[in-house]
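**Student:** sequence first, predicted coordinates after that:
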Amino acid sequence: MTRKLLLLICFSTLLFNCTKKETWYFETKKYELKTTLPCDNDDCTYVDLIIPTIISDEKELNKINDVVFKNVKKHIAFETENAEIKNYADLAKSFIASYDEIKNAFPNEPLPWEASVNGTLEVFENKSANIVLNYYTFTGGAHGNEGVVSLFFNLEDGKQISQKDLFLDFEGFKKIAEQDFRASANLSATDDINKNGNIFKDHQFSLPENIIVTQNEIILHYNKYEIAPYSSGTTILKFPMKTFKKYLNPLYF
């Protein structure tokens, strides 16, 4: 009797999971704005944002959008402390307004500005989502500011997943990543990790601030300045999913 009851419970749970409808979906939203001041059509100050956005009636899941917005604002807003910037439309208007103000004051000075974010999305078995923000801004100077922000979210409660929680064996994967990095940089196991001009803190290898997971790869993305001078550009290491999925946390992948 107990065995039959157990089988019935297992079957009922399986049936519920198979028929359960998700209470959310993702939609890509685009925000564009250009200065109204006279300019060359191909060389005008503009904002172009492509943002993966979760649509849900659950407040917990909508927190995902708040975290994404804060990260976009951090890298795009000319005035990052402006409390009046509460959404992407405000963000675009503020960026353009800052340029227009300077252009009106100094008509011959500022080059056209630009701000862009290209957001991409990977969803893993409806358990987790990886939203990657590729951003670029130029507000004058020798070069623009560009980089990648990779954010992971639990699709059960909308909470952000920490980097360590992405892995079952964080330290094990870190060791393999260091071996791969040393090989790509022609460093032996005993060489100083900063021998070739790298700038790892305390001369100790560390994983990047941004890890990206796709269906096929685990990607380590070091932004410019993160472990090397600007002139060295970005550093990217890739690990095939087939081989390294065992290191990932099955709660999310």
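**Tutor:** All right, it came through fine.

**Student:** what's the closest non-adjacent residue to Val68?
**Tutor:** Nearest residue to Val68 in three dimensions, chain neighbours excluded: Ile131, at 5.9 Å (C-beta to C-beta, 6 or more residues apart in numbering). For every residue, glycine as well, the C-beta is placed using N, CA and C.

**Student:** can you check Tyr230 too?
**Tutor:** Lys224 (5.2 Å).

**Student:** mind listing what that neighbour touches?
**Tutor:** 146-147, 230, 232-234 (C-beta atoms under 8 Å, 6 or more residues apart in numbering).

**Student:** now those as a markdown table including neighbour count and distance to Asn82?
**Tutor:** What follows is the contacts of Lys224, written out as a markdown table (neighbours: other C-beta atoms under 10 Å; distance: C-beta to C-beta, whole Å):
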| residue | neighbour count | distance to Asn82 |
| --- | --- | --- |
| Glu146 | 15 | 22 |
| Gly147 | 19 | 21 |
| Tyr230 | 9 | 27 |
| Ser232 | 15 | 33 |
| Gly233 | 11 | 31 |
| Thr234 | 16 | 29 |
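
**Student:** let me have these in JSON lines, extended by distance to Asp191.
**Tutor:** Below are those laid out as JSON lines (distance: C-beta to C-beta, whole Å):
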{"residue": "Glu146", "distance to Asp191": "30"}
{"residue": "Gly147", "distance to Asp191": "28"}
{"residue": "Tyr230", "distance to Asp191": "23"}
{"residue": "Ser232", "distance to Asp191": "17"}
{"residue": "Gly233", "distance to Asp191": "21"}
{"residue": "Thr234", "distance to Asp191": "22"}
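
**Student:** which of these fall within strands?
**Tutor:** Using DSSP state E, the members of those that fall within strands are 146-147.

**Student:** Phe205: which of the contacts of Lys224 is nearest?
**Tutor:** Set against Phe205, the nearest of the contacts of Lys224 by C-beta to C-beta is Ser232 (16.1 Å).

**Student:** just the pLDDT at that closest one, thanks.
**Tutor:** Per-residue pLDDT puts Ser232 at 90.

**Student:** in contact with the closest residue to it other than its chain neighbours, which residues?
**Tutor:** Spatial nearest neighbour of Ser232, excluding adjacent residues (C-beta to C-beta, 6+ apart): Gly197 at 7.2 Å. Applying C-beta under 8 Å, 6+ apart to Gly197 gives the contacts 228-229, 232.

**Student:** out of everything not next to it in sequence, what's closest to Cys39?
**Tutor:** Leaving out its chain neighbours, the residue that sits closest to Cys39 by C-beta to C-beta, 6+ apart is Pro112, at 6.4 Å.
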